[in-house]
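Chemist: fold the following, please.
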Amino acid sequence: MGKNICILGQGRSFKRVKEFSHLFEEIILCNYSDTFIRQRILDDKELVKILQEKECTLFCNNNKVGFNGTAFNNFNVKKCVINRVAPTKNWQLWKMHKATQKKGLWYHDENIPPFEKDLPYFYKWRGPGPESPDGTSVPKQSVNWPEMSLSNGFKIEHLSENIEMYLFEPTRDRLETNMGLYFTALYSIIDLNKTHLYYAGIDFYDSVGDGEGWGNSQYDGNERVIMEGAHMKILADKYLTRYFPDITFTFYTSADFNPTSENIKVVKEEN
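Modeler: Numbers count the residues shown, from 1 in each chain. Presented below is the predicted three-dimensional model:
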């Protein structure tokens, strides 16, 4: 495989993958649920053809909704990956740090609204286990088990421990380490040795209802989603490019994104 990879989110620009499909052979689909695939993908024959010809990785957070039969039946799925590192014995590392979690304000500035909720904590990516430190049970489907597989025989792969060193600083800085942008980047660069990451469908939640994150706004409010979108821009422009100065990040996005790093290229949508 080459050094290029495509990362496909669920924002309105996701269909722009058609503009550069000749530039990569591997593609990561971020939490593509059964509903999203049926409602947004299957009626687009050109897009389906791309996802049948490229090698697809289904990439999910711990809810695992992207590991579904509709994806396997319609796309050329080669791997299933969760945005978690394998847990330590009895989830002790996760439990110890989860027990210290507090509520507080996440990173904000003059352009990012202040938002208070449970703060990020170290080693969140090693959990959750089947039981939280307070004794409440975690749904079995959401547990980060040491080994996981699907009914069709596909193994669910963890991220390597090598990504861990890039999670401490943004966690300390109270940034939302988004799965679709940040974890996919770490996986692509560290575990797959890719040097050019192409993004489509990453529109930084700049339009109400556009993108997966808005599905949680009914619980957290719009401010949380706006905050996450702003944090994504910071992570791309200030963290990923600093950690990986030899990597190129190209965004095909409909959002207003004006990075300062020369490592990031933004391809605006033509009117």
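
Chemist: just the helices in the stretch 101-250 of the chain please.
Modeler: With DSSP state H, counting those that start in this stretch, the ranges of helices along the stretch 101-250 of the chain come out as 168-172, 184-186, 217-220, 222-234, 241-243.

Chemist: ranking the ones you listed by burial, who's on top?
Modeler: Of all the helices of the stretch 101-250 of the chain, helix 184-186 carries the top mean neighbour count, a mean of 25, counting by mean count of other CB atoms under 10 Å. Bear in mind the C-beta positions are built from the backbone N, C-alpha and C, glycine included.

Chemist: surely residue 107 meets residue 174?
Modeler: Yes. Under the contact definition of CB atoms under 8 Å, residue 107 touches residue 174, with a separation of 4.4 Å.

Chemist: ok, those two, which is more surrounded?
Modeler: Neighbours were tallied for residue 107 and for residue 174 using other CB atoms under 10 Å; the higher tally belongs to residue 107 (17 against 14).

Chemist: and residue 183, how far from residue 28?
Modeler: Distance, residue 183 to residue 28, by CB to CB, to the nearest Å: 10 Å.

Chemist: so for these two, which residues contact both of them?
Modeler: Common neighbours of residue 183 and residue 28, using CB atoms under 8 Å, 6 or more residues apart in numbering, are residue 59.

Chemist: ok so, going back, would you turn the helices of the stretch 101-250 of the chain into TSV with distance to residue 102 and mean pLDDT?
Modeler: Supplementary listing: the helices of the stretch 101-250 of the chain in TSV, determined by distance: least, CB to CB, whole Å; pLDDT from 0 to 100:
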stretch	distance to residue 102	mean pLDDT
helix 168-172	13	98
helix 184-186	26	98
helix 217-220	17	46
helix 222-234	17	89
helix 241-243	27	98
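
Chemist: and residue 99, which of those is closest to it?
Modeler: With CB to CB as the measure, helix 168-172 is the member of the helices of the stretch 101-250 of the chain nearest residue 99 (15.8 Å).

Chemist: same for the closest one, what does it pack against?
Modeler: Contacts defined by 3 or more CB pairs under 8 Å, 6 or more residues apart in numbering; DSSP states H and E place helix 168-172 against no helix or strand at all.

Chemist: so that it lines up with my notes, have the first residue be 158 from now on.
Modeler: Renumbered: residue one is now 158, and that last one reads helix 325-329.

Chemist: quick one: contacts of that helix?
Modeler: Outside helix 325-329, the residues that reach it (CB under 8 Å, 6+ apart) are 277-279, 281, 334, 339, 392, 396.

Chemist: then stretch 224-237?
Modeler: Applying CB under 8 Å, 6+ apart, the contact partners of stretch 224-237 are 186, 189-191, 194-195, 198-199, 205, 208-215, 217, 307, 309, 311-314.
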